[in-house]
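> Output the structure for:
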Amino acid sequence: QVQLVESGGGVVEAGGSLRLSCVTSGDTSNQLTMAWFRQPPGKERDFVASHTWRRGRVYDAKYDESVKGRFSIYRENFKNTLYLQMNNLKPEDTAIYYCAAKSPEVSAYNYWGQGTQVTVSW
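Purely as a prediction, here's the structure:
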């Protein structure tokens, strides 16, 4: 079992920055693919970014085209924390952001956090 707790959301003006955090606990000692998803108001949840953690190294970072060059996914191992650094935020980035995890061998994410709201105003 893996537990995920997000924080760091808030209200920011367009062009500003936020850093989301996802503290991971439970069975995280082996390997995990971790990701950020977001759900804008009235829309479905979409992929934002992911990477795979295996034997102390990070592999295969991926980003949705809409956030490439603006968002960065990374982790601090000693804190068991995954981050999403978001720069040059746009109003269309407004959404509830979710942290997710899965084994790299499976296709579906089976561990989810509770979500954190990000609102970008003009």
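> Gly42 in helix, strand or coil?
coil (DSSP: H, G, I helix; E, B strand; the rest coil).
> Name the strands paired with the lowest-mean-pLDDT helix or strand in the chain and say parallel or antiparallel.
When the helices and strands of the chain are scored by mean pLDDT, DSSP states H and E, strand 57-63 comes last with a mean of 90. The strands beside strand 57-63 in its sheet (DSSP bridges) come out as strand 46-54 (antiparallel).
> and the spatially most central residue of the chain, how far is that from Tyr98?
By C-alpha atoms, centre = their mean, the chain has its centre lying nearest to Trp36, at 2.6 Å. In this structure, Trp36 and Tyr98 are 7 Å apart, going by C-beta to C-beta, to the nearest Å. For the C-beta atoms, the positions are set from N, CA and C on the backbone; glycine is no exception.
> next one: Lys68
19 Å.
> what about these two, which has more around it?
Using other C-beta atoms under 10 Å, the more surrounded residue of Lys68 and Tyr98 is Tyr98, with 22 against 10.
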